[in-house]
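Trainee: only geometry, no sequence info:
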């Protein structure tokens, strides 16, 4: 319950307050109060280390981007005697999303203060893991940026180099979440050595069209992980529906000028949530990987049962339920 409250409260803060720096400061306060190690990378460090996606998305805003890493380490060895496994959760942290130069309609912009819900859920998960004293190492990676319109905004047609060197052809600046997530996933794969890599994001309108407001979209190649997340979602009251990673759709992400496009070039494919997942897949390397697209259930237009109007915090409970069951 506390994890849901943390995610909801952070997601509900207006973006006039909630800059990337402000959200990074809250992560530092909450993390250190829980006894966790917290690292914050500012613009200079992001540039030096090659986080091109976070920097590109945040370039048009007056508020500079950040990347936050929050680490929980169990104090004692698991009772099972098995070495603790390392779970890394990467959360999309777009503190406001205008769509950039590919600007959204006014009505679609109104709820965009909640476009950092994935980062709030990732932070709430690592805090909850510490409070619950789970047996596993848990790390939250929060790439934070505001996708604004400015003189330095990234453009459709740009080629952006992400963490690790992959080049991406930009076709739509309103598909910014997958760019910051790709940086976070590539960083986690290269430097954090996770046993399981999870990303969570309010990523696509397509997921909402397909599944409505009641279910999150679940993507993974791992059948055991899929079953475990579906069971945890059912138990936690945050249901997930497994979606296919259709190999034939990868052709839609081919680029003539970069390693990959970040949105489909072949419009016959459609399936925007699936192609977004296929884009992210390449940045998880060979890790066991789960992608949660929570664009539908992360926001509610009215209160019902345990779901409030506005930011719901969807994802924190299912992730903690899964972590608790993993022992």
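Mentor: Looks like it came in fine. It should be emphasised that the depicted structure is a prediction, and the values quoted were computed from it without experimental measurement.

Trainee: Now do the helices in the stretch 201-327 of the chain.
Mentor: Per DSSP state H, counting those that start in this stretch, the stretch 201-327 of the chain carries helices over the ranges 205-211, 223-236, 272-281, 316-325.

Trainee: ok, now how distant is residue 67 from residue 58?
Mentor: From residue 67 across to residue 58, the span is 10 Å (C-beta to C-beta, to the nearest Å). Every C-beta, even on glycine, is put in place using the N, C-alpha and C of the backbone.

Trainee: And the contacts of the helix or strand of the chain with the lowest mean pLDDT?
Mentor: Among the helical and strand segments of the chain, the one scoring lowest on mean pLDDT, DSSP states H and E is strand 299-300, with a mean of 88. Outside strand 299-300, the residues that touch it by C-beta atoms under 8 Å, 6 or more residues apart in numbering are 111, 114, 117, 202, 213, 307, 308, 309, 310, 311, 312.

Trainee: Could you list the low-pLDDT ranges of this protein?
Mentor: Within the chain, the segments meeting pLDDT under 70 span 77-82, 326-327.

Trainee: Now do the strands in it.
Mentor: Assigned by DSSP state E, the chain shows strands spanning 37-41, 66-72, 86-91, 93-97, 137-147, 159-161, 167-169, 196-201, 216-219, 240-242, 260-261, 288-293, 299-300, 310-311.

Trainee: who are the neighbours in contact with the residue lying closest to residue 228 once chain neighbours are set aside?
Mentor: If the residues on either side of it in the chain are set aside, residue 228 comes closest to residue 322, at 6.0 Å by C-beta to C-beta, 6 or more residues apart in numbering. With contacts defined as C-beta under 8 Å, 6+ apart, the neighbours of residue 322 are 228, 229, 232.

Trainee: Pick the one among those residues closest to residue 50.
Mentor: Within those, proximity to residue 50 (C-beta to C-beta) peaks at residue 229, which comes in at 31.0 Å.

Trainee: wait, that closest one sits on residue 218?
Mentor: Yes. Contact status for residue 229 versus residue 218: in contact at 5.7 Å, counting by C-beta atoms under 8 Å.

Trainee: thinking again about what came up before, of all the strands of the chain, which one is nearest residue 14?
Mentor: Of all the strands of the chain, the one in closest proximity to residue 14, counting by C-beta to C-beta, is strand 93-97 (9.1 Å).

Trainee: and that closest one, how far out from the chain's middle?
Mentor: Using C-alpha atoms, centre = their mean, to the nearest Å, we find the averaged C-alpha position of strand 93-97 to lie 11 Å away from the chain's own average C-alpha position.

Trainee: Tell me which other helices or strands that strand touches.
Mentor: Where contact means 3 or more C-beta pairs under 8 Å, 6 or more residues apart in numbering; DSSP states H and E, strand 93-97 is packed against helix 20-33, strand 137-147, helix 177-187.

Trainee: hmm, who's touching the longest one?
Mentor: I take that to be helix 20-33. If you take C-beta under 8 Å, 6+ apart as the criterion, helix 20-33 is touched by 6, 10, 37-38, 40, 58, 63-66, 68, 70, 93, 95, 116, 119, 123, 126-127, 142, 144-146.

Trainee: Repeat that for the last one.
Mentor: The contact list for helix 177-187, computed with C-beta under 8 Å, 6+ apart, reads 51-54, 56-57, 67, 90-94, 97, 115, 118, 141-145, 160, 162-164, 166, 168, 197, 199, 201-203, 262, 276, 279-280, 283-285, 289.

Trainee: Pull out the buried members of the residues you listed.
Mentor: In terms of neighbour count (16 or more other C-beta atoms under 10 Å), the buried residues within these are 51-54, 56-57, 67, 90-94, 97, 115, 118, 141-145, 160, 162-164, 166, 168, 197, 199, 201-203, 262, 276, 279-280, 283-284, 289.

Trainee: hang on, residue 3 packs against residue 126?
Mentor: No. Under the criterion of C-beta under 8 Å, residue 3 makes no contact with residue 126, lying 9.5 Å away.

Trainee: The two - which one has more neighbours?
Mentor: Between residue 3 and residue 126, counted using other C-beta atoms under 10 Å, the more crowded position is residue 126 (34 against 24).
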